[in-house]
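*Asks:* Got a sequence here, can you model it:
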Amino acid sequence: MMMKYTDKMTNKLNELLTKNYDAEKGYKKAAEIVENPKLKQFFETEAQVRYDFGHELKSEIRNFGETPEKGTSTTGDLHRTWMDIKSTFTSNDEEAILKEVEKGEKSAVDEYNEVVNDTTLPPTTKRILTKQVSNIENTLQNVKNFEMVLS
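*Replies:* Sure, this is the predicted structure:
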């Protein structure tokens with residue numbers, strides 16, 4: 001039996017949604033660990049951004065008449081780069097934390113682009129995803145700037 005198009009699209013969006021849950025968690029965790037106030041603020045802001053992204057994705061999934069994922073997924077465990085911000089990190093590991101964040105955001109950009117490049121994407125969905133991915137790319141640049149300042 002052929003999978004319905006909306007199912008396929010919903011699966012992809014749900015995967016991105018899960019990634020955003022993971023990223024939000026990762027940022028919150030990072031914000032708790034670091035002492036640098038600028039960095040803490042940056043991580044807190046990004047956690048909120050990813051929370052908002054999640055909401056946009058959820059309503060897009062509902063627009064397809066489908067059900068959004070509830071939380072971080074089990075399928076996401078395989079490539080869950082984001083949750084590598086372990087409790088073992090200490091506040092003086094800021095550079096290491098930023099490296100993890102960078103890794104997480106790079107993989108997010110790749111995953112987003114994979115979906116964005118799907119020519120069958122509805123225009124509204126494409127617009128939302130394109131906006132989100134360019135935001136993540138800016139974040140990535142900010143992370144690199146922080147790394148330069150700290151090193």
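
*Asks:* Which secondary structure elements does the helix or strand harbouring T124 sit against?
*Replies:* Assigned by DSSP states H and E, T124 belongs to helix 123-150. Applying 3 or more CB pairs under 8 Å, 6 or more residues apart in numbering; DSSP states H and E, one finds that helix 123-150 contacts helix 5-33, helix 37-63, helix 94-116. In this view, the C-beta of every residue, glycine as well, is placed from N, C-alpha and C.

*Asks:* Relative to T130, which of those helices is closest?
*Replies:* For those, the distance to T130 is smallest for helix 94-116, at 5.8 Å, taking CB to CB.

*Asks:* Going by neighbour count, list what's buried in that closest one.
*Replies:* Buried residues in helix 94-116, counted by 16 or more other CB atoms under 10 Å: 94, 97-98, 100-102, 104-105, 107-109, 111-112, 115-116.

*Asks:* tell me how far that helix is from the chain's mean position?
*Replies:* 8 Å (CA atoms, centre = their mean, to the nearest Å).

*Asks:* List of residues touching that helix?
*Replies:* When contacts are defined by CB atoms under 8 Å, 6 or more residues apart in numbering, helix 94-116 is touched by residues 12-13, 15-16, 19, 22-23, 26-27, 30, 33-34, 36, 39, 43, 79, 81-82, 84-85, 89, 121, 126, 129-130, 132-133, 136-137, 139-140, 143-144, 146-147, 150-151.

*Asks:* go again using 7 Å as the cut-off
*Replies:* Helix 94-116 has contacts (CB atoms under 7 Å, 6 or more residues apart in numbering) with 12, 16, 19, 23, 26, 30, 33-34, 36, 39, 79, 81-82, 84-85, 89, 126, 129-130, 132-133, 136-137, 139-140, 143-144, 146-147, 150-151.

*Asks:* If you average the pLDDT over the helix holding T124, what comes out?
*Replies:* Here helix 123-150 scores 94 as its mean pLDDT.

*Asks:* Report how many residues lie close to the residue lying closest to N63 once chain neighbours are set aside.
*Replies:* With CB to CB, 6 or more residues apart in numbering as the criterion, N63 has its nearest non-adjacent residue at 7.5 Å, and that residue is T124. Neighbourhood size, T124 [other CB atoms under 10 Å]: 10.

*Asks:* if I look at T124, how far off is R50?
*Replies:* 20 Å (CB to CB, to the nearest Å).
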